[in-house]
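Engineer: For reference, the sequence and a predicted model appear below.
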Amino acid sequence: MNNAYGGSMLAIRQAEEQDARQIAEIYNHYIRHTKITFETESVTIEEMAERIRGKISRYDWFVAEDNGVITGYAYYGEFRGRAAYHHTVESTVYVAESMMRMGIGSALYDRLIKSAGNKGFREMIAVIALPNEGSVVLHGKKGFNEVGVFRGIGCKFGEYIDVIFMQKSLY
């Protein structure tokens, strides 16, 4: 699947283990420099490859690629471990910092939502550390609605962080 962005063509494809290095580079930037992920230690290439393997066995993980360079990625996976939640997935989208606001996150989300619906999942949950206006706006444009804010539940860089849950029905 190709989408126009920034005057070029963006390919969206299924992630592969070989993508782990580029995906880890994107994600590690957010770990080291932002509060939008609550991970505090950089992820190794091997850890990222394992995460990819774990997701694509049941769910989907997509990458946005431009001439062999991964510019963003998105996946969904288990929301909670109990059987009653198996119709619900939690989504994740990250875009390389240098490629923000070029439509990459939107293109990835379109593919992600379609995939989860086609696989029979009913609900998608986004968990967003605040403040993160860009992410909240993107999710709103994709049909997610706010369902609650948890105050001060994360702590990173010595600061307590609020988290918003947003939900989209896929049926």
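Structural biologist: Received, thanks.
Engineer: what's the helix or strand for residue 128?
Structural biologist: strand 123-129 (DSSP states H and E).
Engineer: For that strand, name the packing helices and strands.
Structural biologist: strand 88-95, helix 133-141, strand 159-169 (3 or more Cβ pairs under 8 Å, 6 or more residues apart in numbering; DSSP states H and E). For glycine as for every other residue, the C-beta is placed from the backbone atoms N, C-alpha and C.
Engineer: In a markdown table, list the ones you listed along with mean pLDDT and mean neighbour count.
Structural biologist: Formatted as a markdown table, these follow (pLDDT from 0 to 100; neighbours: other Cβ atoms under 10 Å):
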| stretch | mean pLDDT | mean neighbour count |
| --- | --- | --- |
| strand 88-95 | 96 | 21 |
| helix 133-141 | 95 | 15 |
| strand 159-169 | 98 | 16 |
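Engineer: neighbouring contacts of stretch 124-139?
Structural biologist: Contact partners of stretch 124-139, identified using Cβ atoms under 8 Å, 6 or more residues apart in numbering, comprise 35-38, 76, 79, 88-91, 93, 100-101, 105-106, 109, 113, 116, 144, 149, 154, 161-168, 170.
Engineer: neighbours of residue 40, just the number please.
Structural biologist: 10 (other Cβ atoms under 10 Å).
Engineer: surely it meets residue 154?
Structural biologist: No. Using Cβ atoms under 8 Å, residue 40 is not in contact with residue 154; the gap is 10.4 Å.
Engineer: For residue 89, give the beta-bridge partners.
Structural biologist: residue 78, residue 124 (DSSP bridges).
Engineer: quick one, helices of the chain?
Structural biologist: 20-33, 45-56, 104-118, 133-141 (DSSP state H).
Engineer: Can you say which of these is nearest to residue 68?
Structural biologist: Residue 68 lies closest, by Cβ to Cβ, to one member of the helices of the chain: helix 20-33, at 9.2 Å.
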